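In: A predicted structure for the sequence below; I have some questions about it.
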Amino acid sequence: MPVREYVAGMSVPWRSSAAVFEQIATRHGITADACTMEAAWAAFAEFVQVPVEGIAGPEDDGDGFIVEWGVRDWNGNRLALSLGRLLAVSEHGDRSDPYWQPEYWKVELEVFFAEDSPWAGPLADGGGDSGFDFAAIGTPRADALAATLRFIDQEPLLGVMWRSAPTGAEVTLDRAG
């Protein structure tokens, strides 16, 4: 069943979150073959402000974001920068069970870079991340995004990646470990 066009200000079911992120990314000019980091960040900043249904509340760290970079085995060992949103899906299981836990799902825009990039070598053995931020949607999240962007600018290797031309991008929704 196709997902209806996302309209700014409306909430979306968590299962539709990747489709909504794709719509937003497409509107910002991101395709599977090309994008800019400015467009990727603009799409991400818009997407993480979209209310999502079926997840735990902010008091339970139900909705957060993270920036990750490096060479990862789960993406075919490609050099990538990931703009991810972690959702704690609360609709499964028996919530009265004292051991109940939400299922964690990650919606991400992964931006890929050329394998022969001069900074690919230092990232071959790993990478890094910004850490999760669970600020509430609205001004607190906008402030947290601004702080993350400052962090990106201060990390030398990440800053170089940020100013480089990506070779492609992909939006995914996967269950988080």
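Out: Sure thing, it's come through.
In: helix or strand next in line after the longest strand seen in the chain, which one?
Out: Looking across the chain with DSSP state E, the single longest strand is strand 78-89. Under the assignment DSSP states H and E, the closest C-terminal helix or strand after strand 78-89 is strand 103-112.
In: longest single helix anywhere in this protein?
Out: The residue-count maximum for a helix in the chain (DSSP state H) belongs to helix 139-154.
In: how about Trp69, what does it touch?
Out: For Trp69, the contacting residues are 80-82, 123, 127-129, 157-158, 161, by C-beta atoms under 8 Å, 6 or more residues apart in numbering. Bear in mind the C-beta positions are built from the backbone N, C-alpha and C, glycine included.
In: give the buried residues for the host helix or strand of it.
Out: Element membership for Trp69 (DSSP H and E) is strand 63-72. Buried residues in strand 63-72, counting neighbours by 16 or more other C-beta atoms under 10 Å, are found at 63-72.
In: stretch 138-153 now?
Out: So, applying 16+ other C-beta under 10 Å, buried residues of stretch 138-153: 141, 144-145, 148, 152.
In: spatially, which two of those are the most separated?
Out: Largest separation among the buried residues of stretch 138-153 by C-beta to C-beta: Arg141 and Ile152, giving 16.2 Å.
In: what about Asp174, distance to Phe44?
Out: Using C-beta to C-beta, to the nearest Å, we find Asp174 at a distance of 17 Å from Phe44.
In: same question, Phe113
Out: 17 Å.
In: can you pull the contacts of the residue lying closest to Ser82 once chain neighbours are set aside?
Out: Residue nearest to Ser82 in three dimensions, not counting chain neighbours: Glu68, with 4.4 Å by C-beta to C-beta, 6 or more residues apart in numbering. Glu68 sits next to 81-82, 84, 127-130 when contact means C-beta under 8 Å, 6+ apart.
In: let's see the ChimeraX selection covering just the buried ones among the residues you listed.
Out: Here is the ChimeraX command that selects the buried residues among those (16+ other C-beta under 10 Å):
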select :81,82,84,127,130
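In: looking at the contacts of Glu68, which is nearest Met10?
Out: Gly84 (22.1 Å).
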